[in-house]
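*Asks:* need coordinates for the following:
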Amino acid sequence: MISAIVVAVALTTSAQKEAAPYSLTEDFNDTALANFRYGSRGTRNAFKYEVGANSSIEPGTKVLLFRIDPADSAGAGRGPEIISKEFTHFGTYSARIKIPDVRNVQPNAGAVVGYFTYCMDSIQGLSEIDIEWLIADPTVLYIGTWTGPGRQLRRIGRTLNLAKGIVYSTITKVNHNGVPTDLTGLQNQPGTIPAIDGFDASSKFYVYGFDWYPDRLRWWLIHPVTGQKIVLWDYQGSQLGIPPNRTQYRMNFWHTNSWPVETNPNSVEKPAHPYELEVDWMKYEPLEMK
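*Replies:* Just a heads-up that it's a prediction; the model follows:
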């Protein structure tokens, strides 16, 4: 029933295809959301959300806390989530995020932090661009897109270990259980990535982002010491996997019982504690179309 409601809210018509360009900055200093609503129903659960909370690691920094509820069942959309009130489209998306550290408490915890865009259009299908973390290993990052109609979803994705400078895979597949095919050439750039010394997405805030163009996608993060933009994947040379239609800007935190992190096949346990995700800010700058 919950999933049906989520799909119904996300579904749009072709008449809603284009959104007026606008900038969005949410710094979460206030006790209310300006540009986002809570989940598919737009209601705030006081246990799961705290706006304008003090950061656990940065005195003076106010954040949005997402608190996972151990009683929640598995599945995206069943944990805390915020969704932009307005639609977004091509442009630059960025956020400053610290994921929970669970390794000394519950090393096999199965939970996903999702920073992404998502909208299912009744004609053009799904528009989703994502950066995801599985909290059992905060050195691993999942980036990619989902596009196409519901029964023929197309994934392009890359899995990285930023602490070790490893690209585990860069693939495309059809639907969640499809056979992955390696991407090559311009769809697999850069072929290697540098290790970021001491990278741990649960130990400090990092700025992550992606640039969404009509014919190109680029995921990146800002090096915490040098301030350099580190390109994680510069996908171009094909329209495969590039969403054409507008979307909504989102962040969520949810339990998975079927998706273990790359480095730990046992990491699908129900969260045993109300782990906290900290989000300092989220931004969107539209692409100026000429």
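*Asks:* from here on, contacts and neighbour counts on C-alpha atoms
*Replies:* Fine.
*Asks:* are we agreed that residue 65 is in a strand?
*Replies:* Yes - secondary structure assignment (DSSP: H, G, I helix; E, B strand; the rest coil) places residue 65 inside a strand.
*Asks:* contact partners for it?
*Replies:* With contact set as Cα atoms under 8 Å, 6 or more residues apart in numbering, residue 65 has these partners: 48, 49, 50, 51, 53, 276, 277, 278, 279.
*Asks:* and the pLDDT for the first one?
*Replies:* I take that to be residue 48. The predicted local confidence for residue 48 comes out at a pLDDT of 94.
*Asks:* you'd agree it is up against residue 82?
*Replies:* No - between residue 48 and residue 82 no contact is recorded; they are 11.1 Å apart, counting by Cα atoms under 8 Å.
*Asks:* ok, these two, which is more surrounded?
*Replies:* The residue with the greater number of neighbours, taking residue 48 and residue 82 and applying other Cα atoms under 10 Å, is residue 82; the counts read 23 against 18.
*Asks:* that one: which element?
*Replies:* Using DSSP states H and E, residue 82 sits within strand 81-84.
*Asks:* partners of that strand, with directions?
*Replies:* The strands beside strand 81-84 in its sheet (DSSP bridges) come out as strand 36-38 (antiparallel), strand 248-255 (antiparallel).
*Asks:* what's opposite residue 140 in the beta bridge?
*Replies:* According to DSSP bridges, the partner residues bridging residue 140 are residue 161.
*Asks:* burial of it, as a residue count?
*Replies:* Other residues within reach of residue 140, judged by other Cα under 10 Å, total 25.
*Asks:* got a list of what it touches?
*Replies:* Taking Cα under 8 Å, 6+ apart as the contact definition, residue 140 lies against 133, 134, 159, 160, 161, 162, 163, 261, 262.
*Asks:* mind doing that once more with 7 Å?
*Replies:* With contact taken as Cα atoms under 7 Å, 6 or more residues apart in numbering, residue 140 is in contact with 133, 160, 161, 162.
*Asks:* of the residues you listed, buried ones?
*Replies:* 133, 160, 161, 162 (16 or more other Cα atoms under 10 Å).
*Asks:* thinking again about what came up before, include distance to residue 212 and secondary structure when you put the contacts of residue 65 into a markdown table, please.
*Replies:* Converted to a markdown table, the contacts of residue 65 look like this (distance: Cα to Cα, whole Å; DSSP: H, G, I helix; E, B strand; the rest coil):
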| residue | distance to residue 212 | secondary structure |
| --- | --- | --- |
| 48 | 30 | coil |
| 49 | 29 | strand |
| 50 | 30 | strand |
| 51 | 28 | strand |
| 53 | 31 | strand |
| 276 | 29 | strand |
| 277 | 25 | strand |
| 278 | 24 | strand |
| 279 | 21 | strand |
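*Asks:* give me the contact list for stretch 108-126.
*Replies:* 10-14, 127-136, 146-150, 245, 247-257, 260, 266-271.
*Asks:* tell me the buried residues in it?
*Replies:* Along stretch 108-126, these residues count as buried under the neighbour rule (16+ other Cα under 10 Å): 108-121, 124-126.
*Asks:* just those residues: which are in strands?
*Replies:* The strands, defined by DSSP state E, take in 111-121, 125-126 from the buried residues of stretch 108-126.
*Asks:* same list (these) but as JSON lines, adding distance to residue 22 and pLDDT.
*Replies:* JSON lines is the format used below for those (distance: Cα to Cα, whole Å; pLDDT from 0 to 100):
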{"residue": "111", "distance to residue 22": "32", "pLDDT": "98"}
{"residue": "112", "distance to residue 22": "29", "pLDDT": "98"}
{"residue": "113", "distance to residue 22": "26", "pLDDT": "98"}
{"residue": "114", "distance to residue 22": "23", "pLDDT": "98"}
{"residue": "115", "distance to residue 22": "20", "pLDDT": "98"}
{"residue": "116", "distance to residue 22": "18", "pLDDT": "98"}
{"residue": "117", "distance to residue 22": "16", "pLDDT": "98"}
{"residue": "118", "distance to residue 22": "18", "pLDDT": "97"}
{"residue": "119", "distance to residue 22": "18", "pLDDT": "96"}
{"residue": "120", "distance to residue 22": "21", "pLDDT": "93"}
{"residue": "121", "distance to residue 22": "20", "pLDDT": "90"}
{"residue": "125", "distance to residue 22": "23", "pLDDT": "93"}
{"residue": "126", "distance to residue 22": "22", "pLDDT": "95"}
